[in-house]
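Novice: Here is a sequence together with a model predicted from it:
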Amino acid sequence: MKLFFICMLASGILLSCNNKVKKANDTATQTENSTSMQQAASIHLDASMVDNKKDFICGMPTSAGISDTSHYKGKVYGFCSPECKADFVKEPEKYLAEIK
Ligand SMILES: [Zn+2]
C-alpha cells in the first residue's frame, strides 16, 4: 500500500514536470487553457493529503503548494521543495518535536 502510494506520487511529480514544459509552450497562445491546466495539475498534491499544515523547514503553509512529500511513522508530510524534504528526512524527530 505504501509502495503504491509512493509510485503514485513519483508519477505525479513526473507528470507535473511534463505539464510545466507544455505550459511554457502554451502560455503565449493559450492563456486560458494553461490556467485550467495549472489547476488540474495541482490536485494530485494537495494540502488535504498531508498531515502537516506547514512546511517544517521553511514554515510555508502546505496549502500554498507542495512539490514533495515524505512518509514518516504512518503520516504524510508535505514540503514546498525536495530540499526541504531532504532536511526533514535527515532529522525527522527534531522537526516533529518542534511543532508539538
Ligand atoms: Zn519549504
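Specialist: The structure has been received and is ready for your questions.
Novice: And what about T69, helix, strand or coil?
Specialist: strand (DSSP: H, G, I helix; E, B strand; the rest coil).
Novice: tell me the contacts of V89?
Specialist: Taking Cβ atoms under 8 Å, 6 or more residues apart in numbering, we find V89 in contact with S70. C-beta coordinates here come from the backbone N, C-alpha and C atoms, glycine included.
Novice: and the residue lying closest to S63 once chain neighbours are set aside, what does it touch?
Specialist: Residue nearest to S63 in three dimensions, not counting chain neighbours: A47, with 4.1 Å by Cβ to Cβ, 6 or more residues apart in numbering. The neighbours of A47, taking Cβ under 8 Å, 6+ apart as the test, are K53, P61, T62, S63, I66, G78.
Novice: Could you dump those residues into CSV and include pLDDT?
Specialist: Conversion of the contacts of A47 to CSV gives the following (pLDDT from 0 to 100):
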residue, pLDDT
K53, 94
P61, 96
T62, 96
S63, 94
I66, 95
G78, 96
